[in-house]
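Requesting a structural model of the entry that follows:
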Amino acid sequence: MTAAGRERREVVRTQVVELFEQGIKPPEVAQRLRVSRKSAYQWHQLWRDGGVRALASRGPGGSRCRLSPRCLEKLAACLEQGPAAHGWAEDQVWTAARVATLIGRKFHVSYSVSGATRLMHRIGFSPQVPARRVAERDEQAVTVWKEATWAEVKEHGRPAEGTSASSCAVRRCVSGEGERPSPPTRRSGEV
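This is a model prediction of the structure:
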């Protein structure tokens, strides 16, 4: 939650205290402040047991960041330099796994991939997902296939007349003469 969100909640809690001090019951408080009845009852219980201080915000939730503000600045500078400057020459993509590794190398702090993702968002970056390509990929063969085969398949498409999934597969049934029928031979675009 952002600081502004925490501030809004603090304002609501202040209003809750004022209403409880006026003797207004939790269901009415919930309706007036547009909060759930459950929250209103919980706040009422806290207020009765501990007063105004019991309803004060305890700060942001979750665990603390394991990197100091100075380290976060250094991390941002490292990310600005790009992956190649830190040993990843294959491409210029900061994946969350790479950032987690970089944090471990530079700051000797262990972060999970999801934790590195959250940290990147916090400092204004977003992880990128690299295009998965096979190392043995033959780019020339892919280009030829796209120009010839894919163009043909895309151009004709499936015929509009009635077809079903069963007409595309070998039928497992037996015909009246006791022979197995042959699979359909018609291709896309043929009549």
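
Spatially nearest residue to Arg105, not counting backbone neighbours?
Computed as CB to CB, 6 or more residues apart in numbering, the closest residue to Arg105 that is not its neighbour in sequence is His86, at 7.8 Å. From N, CA and C alone the C-beta is placed, and that goes for glycine too.

Name the nearest residue to Phe125, ignoring sequence neighbours.
Leaving aside its sequence neighbours, Phe125 sits nearest to Leu79 (CB to CB, 6+ apart; 5.5 Å).

Please look at that neighbour and Arg98 and confirm they touch.
No - contact between Leu79 and Arg98 fails when scored by CB atoms under 8 Å: they sit 9.8 Å apart.

ok, back up a step: surely the residue nearest to Arg105 touches Cys78?
Yes - under the criterion of CB under 8 Å, His86 lies in contact with Cys78, with a separation of 6.6 Å.

overlap in contacts of those two?
Taking CB atoms under 8 Å, 6 or more residues apart in numbering as the contact criterion, the common neighbours of His86 and Cys78 are Leu102.

Give me the number of neighbouring residues for Leu19.
By other CB atoms under 10 Å, the residues close to Leu19 number 20.

With Trp145 instead?
Using other CB under 10 Å as the criterion, Trp145 is surrounded by 12 other residues.

quick one: pLDDT of it?
Per-residue confidence at Trp145 stands at 81 (pLDDT).
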